[in-house]
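[1] Structure of the sequence below:
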Amino acid sequence: MALHFSGHSLLRTTAILLTLLPPAAPVHAADDANPALWKATVRGDYARVLAGVKSSLEAAQFQILGEDNLSRGLENNMETFGADKWNSIGFGNVTAVHFCSLTFNQQVFNINMDWSILCPFKVVVLNMKAAPDRITLILTRPTWILARDPHPEARRIGETIEKRIVAALREGAGL
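    Coordinates of the predicted model:
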């Protein structure tokens, strides 16, 4: 017997399941080393944090456009670079989630087409083999990209979309 879920019921089911699991414990939520990045680290289960991030983005009215298992792709390089060199820093799971907002697209496409590079946005969710329960989220900050744009609306729009994205990522990761 096959089960079929509508998008809405799947989101509700995911949200219910996530509330039954223990929350991830926050470690930190800033990257002072590189102002171009918003970075946060939580303790928890990698699959749970990744699922929570995606569910929260969708609940915040972002569309998930794609998901790339970067660690699997990099593992395919083992033969090319050698088993001892393909993963010299010891990453575990690395997933890039691409997402966009229709309202953001509508807004920016009617102001400045240069800003179309922002959408889709991408968050990378990763852990390291040495600490598999420490999950890191990394996002290129829209405010950083638009900081020097001469358009008078650039900073406000960058701040608005970044706040929406970061709020969804914090919610989904349990920060």
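[2] Report the spatially closest residue to residue 127, excluding sequence-adjacent ones.
    Nearest in space to residue 127, with sequence neighbours left out and distances taken as CB to CB, 6 or more residues apart in numbering, is residue 92 at 4.5 Å. Placement of C-beta: from N, CA and C, glycine included.
[3] Give me the neighbour count for residue 105.
    Residue 105 has 16 neighbours, counted by other CB atoms under 10 Å.
[4] do the one 10 residues further on as well
    As a burial measure, the neighbour count of residue 115 was computed by other CB under 10 Å and equals 23.
[5] Bridged to the most centrally placed residue in the chain, which residues?
    Nearest residue to the geometric centre of the chain (CA atoms, centre = their mean): residue 123, 2.6 Å. Residue 123 has these beta-bridge partners by DSSP bridges: residue 97, residue 139.
[6] Please identify the helix or strand for the residue nearest to residue 127.
    Assessed by DSSP states H and E, residue 92 sits inside strand 91-100.
[7] For that strand, buried residues please.
    For strand 91-100, the neighbour count (16 or more other CB atoms under 10 Å) marks 91-97, 99-100 as buried.
[8] Lowest-confidence entry in those?
    Here the lowest pLDDT out of those sits on residue 91, with 91.
[9] So what sits opposite residue 66 in the bridge?
    On the basis of DSSP bridges, residue 66 takes part in beta bridges with residue 98.
[10] quick one: it from residue 106, how far?
    21 Å (CB to CB, to the nearest Å).
[11] From the contact count, pick out the helices and strands touching the host helix or strand of residue 55.
    Applying DSSP H and E as the criterion places residue 55 in helix 46-59. Judged by 3 or more CB pairs under 8 Å, 6 or more residues apart in numbering; DSSP states H and E, helix 46-59 is in contact with helix 7-20, strand 63-69, strand 91-100, strand 121-128, strand 131-140, helix 154-173.
[12] of those, which approaches residue 50 most closely?
    strand 121-128 (5.0 Å; CB to CB).
[13] which stretches of the protein have low pLDDT?
    1-32 (pLDDT under 70).
[14] Residues contacting stretch 55-74, please?
    The contact list for stretch 55-74, computed with CB atoms under 8 Å, 6 or more residues apart in numbering, reads 11, 14-15, 18, 54, 86-87, 91-103, 120-121, 123-124, 126, 164-165, 167-169, 171-173.
[15] Pull up the gap between the closest residue to residue 99 other than its chain neighbours and residue 157, please.
    Leaving aside its sequence neighbours, residue 99 sits nearest to residue 62 (CB to CB, 6+ apart; 4.4 Å). From residue 62 over to residue 157 the distance is 16 Å, taken as CB to CB.
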